[in-house]
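1. Take this sequence and fold it.
(chains A and B, ligands or ions: 2)
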Amino acid sequence: MAALSDIETIPHHRETRANTLHWALAGALVLSCFASLQVGATDVTLSTMLAKLIHGETLSQIERVVLFDIRLPRLAMGVLVGAALAVSGAAMQGLFRNPLADPGIVGVGAGAGLGAILAIVLGTLLPAWLIDLTGNQLTPFAAFLGGWGSTILLYRVSTRHGRTSVATMLLAGIALGALAGALSGILVYIADDTQLRDLTFWGLGSLAGASWAKVFAAGPMILLAIGVSLTLGRGLNGLALGEATAAHIGIDVQRMKSTGILAVAGATGAAVAVSGGIGFIGIVVPHLLRLASGPDHRTLLLNAALLGATLLILADMIARVVIAPAELPIGIVTAVLGAPVFLWILLKRRGLVEL
Amino acid sequence: MSLIAENIRVSYGKREALRGVGLTALPGEVTAIVGPNGSGKSTLLGAITASLAYQGRVSLNGRCVERMKPWELAAIRAVLPQASRLAFPFTVIEVVRIGLQSGTAGDRPEVPMQALARVGLAHYAHRTFQELSGGEAQRAMLARVLAQVWAPVEDGQPRWLLLDEPVSSLDIAHQLQVMEIARDFARAGGGVLAVMHDLNLTALYADRVAVLADGERLAFGTPAEVLTDETLSRAYGCALRVSATPPSGVPFILPHAASA
Ligand SMILES: Nc1ncnc2c1ncn2[C@@H]1O[C@H](COP(=O)(O)OP(=O)(O)OP(=O)(O)O)[C@@H](O)[C@H]1O
Ligand SMILES: [Mg+2]
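-> Ligands and ions are numbered 1, 2, ... in the order given. The predicted structure is shown next:
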């Protein structure tokens, strides 16, 4: 019976690989975090600072500022945003049963952006008690609402009887993106100078404005949304078999879908609120992971968080060093690296579009 | 302890697809639903599995289906849809396991492989599901459904296989194999309700047959009672002649003997 026992052990192959990948990716994330603290516009490096600390010396004022006020918050924001973008991409693809659904591509990012701009420009008009109540959460929360509204709208338009039409989804995404972009454009006209500076920074898709304030503004929502997404694995696997079948194997489909849409909107909204539109992480990361270890969402979502964070940190390092002392908006780096991968995916798997 | 559907009505917009259809399926038996295209077979199964909105009453093992949670239902009945599309490149064994996650056999890792072996696909376990041929995909889906309710009786309660055209794209050998699987499941105490097109297989394997036509139930009974010249000719709108194999008297229908 050697043959049969062989057969019985192989089935766990991809699963094992996905679990090994957790550790490998976690290691890669830690390494890239160190690398990211190491380099920057000044020639202060993490290694010299660590050496100093080990020898009992104190850090200079400059070193402390560079480490704690510049590089660490930027790193934290990179980790949060990268994980948020990749997880919301993977979750949205699962919900729409479609590997091309990505919040950035189908207009959810633009919707979240509109929410964020509304909050930046019109936030000051709100009654004082409401401003006090929301505090630093106003912009992320508005972006979340914008992302939520556009996800629901998109789902309504492109999904009939539990089946998403790719063409409708992409076209609806274009319309949604254009509309949100136009409305955002109008708001830019009525913004005052400080608001305008906020907006420009933000619109480039960059981590350059990173600060602890922003980390604390977006962090809670991102962590909550990722946490919720990680519970969706089993449900999304079921949904891959179709909505009816998912229900037949015991999944509360309606509840899972609304939870999933909230999580996608939360992660996208909070990420967009602090970093603008950073593209392609949400589509490239899940796709690479599916190639490496299969589409099982129970492992895919966590791996997406790890790989997304790692890639965004690396992209940010590239953004900071290629034209140092100036820096590129990170959105440019992810687009230059991600768009060709995306095109390659389409070229290899034309079938995706004909679903 | 049976599956009872009473007075089921379903409308798609203004069109009434089912006008008060009922049937009772017993554990230990294979119950077949036959009828022409568009007569409402899938719709009836959809109502019984609560996949679409309906009026009427469906109860399973004495409990009203509407009041049961999805996971409670999933533990006692598995559903094979007429067609299924898979969204991501899962392998065959992964697909079978998805069906198992909520089933009570979920803690028995050998079940998916046994289910695949049962439909003759053990060596396909690691193929990508989307690469399978139509018939292979249908059998793999059947394996998923079997794995979900692997033991026909659990905690003294029968479990149910609800199958929409389980043999529609299979070759004759696999048609027989799948019908054997259904019959074995019933003989072991489970219940099977299957939508069928092939009247001869129905006559061979079903214990009870419901004939639907135009959203209504035309007849319900044993194959010998129901598969008659008159009923079938009325249902399908063409003159059909039913013969019987000696010595058992199982009815069979030869298309050659039909006239439009
Ligand atoms: N989603 C739908 N929207 C509108 N009408 C529908 C829908 N699904 C089925 N119908 C109609 O309801 C009637 C019954 O359909 P049903 O799918 O139950 O037929 P069936 O007996 O399973 O046929 P077949 O043998 O072709 O599978 C048909 O007239 C069909 O056109
Ligand atoms: Mg049908």
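2. got the residue ranges for the helices in the stretch 1-150 of chain A?
-> Taking DSSP state H, counting those that start in this stretch, the helices of the stretch 1-150 of chain A run over residues A:2-9, A:13-38, A:46-54, A:61-64, A:72-95, A:108-122, A:128-134, A:138-158.
3. and for stretch B:122-137, what are the contacting residues?
-> The contact list for stretch B:122-137, computed with C-beta atoms under 8 Å, 6 or more residues apart in numbering or on different chains, reads A:7, A:10-11, A:13, B:84, B:86, B:89-95, B:113, B:116, B:121, B:140, B:169-171, B:174. Just so you know, the C-beta spots here come from the backbone N, C-alpha and C atoms, and that holds for glycine as well.
4. Kindly apply the preceding question to stretch B:210-230 instead.
-> Taking C-beta under 8 Å, 6+ apart as the rule, stretch B:210-230 contacts B:16-23, B:31-36, B:39-41, B:44, B:199, B:202-203, B:206-209, B:231-232, B:234-236, B:239-242, B:249-251, B:253.
5. Of those residues, keep whichever come out buried.
-> B:17-18, B:21-23, B:31-36, B:39-41, B:44, B:199, B:202-203, B:206-209, B:231-232, B:235-236, B:240, B:242, B:250-251, B:253 (16 or more other C-beta atoms under 10 Å in any protein chain shown).
6. where exactly do the strands run in chain B?
-> In chain B, the segments counted as strands under DSSP state E are B:3-12, B:15-25, B:30-34, B:55-60, B:63-64, B:77-80, B:153-154, B:157-158, B:160-164, B:191-195, B:208-213, B:216-221, B:242-245, B:250-253.
7. could I have the fourth one exported to PDB, CA atoms only?
-> Read that as strand B:55-60. What follows is strand B:55-60, C-alpha atoms only, in PDB (Å, rounded to 0.1, in the frame of the first residue of the first chain):
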ATOM      1  CA  GLN B  55     -43.300  30.000  -0.900                       C
ATOM      2  CA  GLY B  56     -44.300  26.700   0.700                       C
ATOM      3  CA  ARG B  57     -42.700  24.500   3.300                       C
ATOM      4  CA  VAL B  58     -39.600  22.400   3.300                       C
ATOM      5  CA  SER B  59     -38.600  20.200   6.200                       C
ATOM      6  CA  LEU B  60     -35.600  18.000   6.600                       C
END
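8. roughly how far out does it sit from the chain middle?
-> 17 Å (C-alpha atoms, centre = their mean, to the nearest Å).
9. still on that earlier bit, wait, which of the strands of chain B is closest to residue A:303?
-> Evaluated over the strands of chain B, closeness to residue A:303 peaks at strand B:77-80, with 30.2 Å, by C-beta to C-beta.
10. what helices or strands is that closest one leaning on?
-> Contact here means 3 or more C-beta pairs under 8 Å, 6 or more residues apart in numbering or on different chains; DSSP states H and E; on that basis strand B:77-80 packs against helix A:243-248, helix B:134-148, strand B:160-164.
11. Compare the helices of the stretch 1-150 of chain A and give me the one nearest chain B.
-> Using C-beta to the nearest C-beta as the measure, helix A:2-9 is the one of these that comes nearest chain B, at 5.5 Å.
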